[in-house]
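Enquirer: the sequence and its predicted three-dimensional model are supplied below.
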Amino acid sequence: MSSPAIKLAPERHAQIKAISAALNHQTLSETIAHFVNTEIEKGTIPPGIEGVNIRPDDDGLRIGFDEAPTVTFSDEAVADLASTLRDFTDAEKRAEKLVNMQHNYQIEKKGNGVKLTIPFTGKVTKSFPRDLARDLADLLTT
């Protein structure tokens with residue numbers, strides 16, 4: 001996946017920064033995530049994250065990244081993963097890493113984001129900025 005850049009007029013950039021400050025968002029990315037999530041709630045676009053595959057399974061959810069095979073997570077493991085994702089997106093939390101052998105994932109705080117590996121043995125890794133990691137947690141619990 002590419003790292004796109006958005007070109008904005010300086011006046012529009014100033015407006016988005018003002019909206020970000022008014023909404024108490026820490027980054028412009030989080031403000032744009034707010035706009036995207038508002039449109040998802042309205043039904044303009046469906047929920048989902050490009051490159052993240054989530055499917056129901058008899059035993060819980062199957063989760064995969066990009067073209068890699070999906071991994072089955074029990075309902076308990078999904079709830080634990082979602083909770084841990086939310087915890088790791090806390091801007092005040094210091095950098096750390098967690099290997100959860102019981103629920104088969106590894107998570108690591110990386111700069112302003114989170115790196116998630118499933119299964120924990122290191123088969124598939126995907127990094128998410130903080131706001132997108134929170135969106136992933138929401139997707140897992142809806």
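Expert: Received, thanks.

Enquirer: low-confidence ranges, the chain, go.
Expert: Residues of the chain meeting the criterion pLDDT under 70: 1-3, 91, 93, 95.

Enquirer: again, 90 this time
Expert: Filtered on pLDDT under 90, the chain yields the residue ranges 1-6, 24-30, 59, 68-69, 89-96, 110-113, 120-124, 130, 142.

Enquirer: tell me where it has strands.
Expert: Remark: strands assigned in the chain by DSSP state E are 52-57, 60-65, 71-74, 97-100, 105-110, 113-118, 124-129.

Enquirer: just name the most buried of these.
Expert: Most buried of those by mean neighbour count (mean count of other CB atoms under 10 Å) is strand 113-118; its value is a mean of 21. For glycine as for every other residue, the C-beta is placed from the backbone atoms N, C-alpha and C.

Enquirer: packing partners of that one?
Expert: strand 60-65, helix 75-88, strand 105-110, strand 124-129, helix 130-140 (3 or more CB pairs under 8 Å, 6 or more residues apart in numbering; DSSP states H and E).

Enquirer: export these as CSV, with columns for distance to residue 9.
Expert: Shown next, in CSV, are those (distance: least, CB to CB, whole Å):
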stretch, distance to residue 9
strand 60-65, 35
helix 75-88, 35
strand 105-110, 32
strand 124-129, 24
helix 130-140, 23
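
Enquirer: ok, which of those comes nearest residue 5?
Expert: strand 124-129 (14.7 Å; CB to CB).

Enquirer: now that closest one and strand 52-57, what's the angle there?
Expert: 120 degrees (axes from the mean of the first three to the mean of the last three CA atoms, to 10 degrees).

Enquirer: note down every partner strand of strand 124-129 and its orientation.
Expert: strand 113-118 (antiparallel) (DSSP bridges).

Enquirer: got a list of contacts for the partner strand?
Expert: With contacts defined as CB atoms under 8 Å, 6 or more residues apart in numbering, strand 113-118 is touched by 63-65, 71, 85, 88-89, 104-109, 123-130, 132-133, 136.

Enquirer: chain center to it, what's the gap?
Expert: Per CA atoms, centre = their mean, to the nearest Å, the displacement of strand 113-118 from the mean C-alpha position of its chain is 9 Å.
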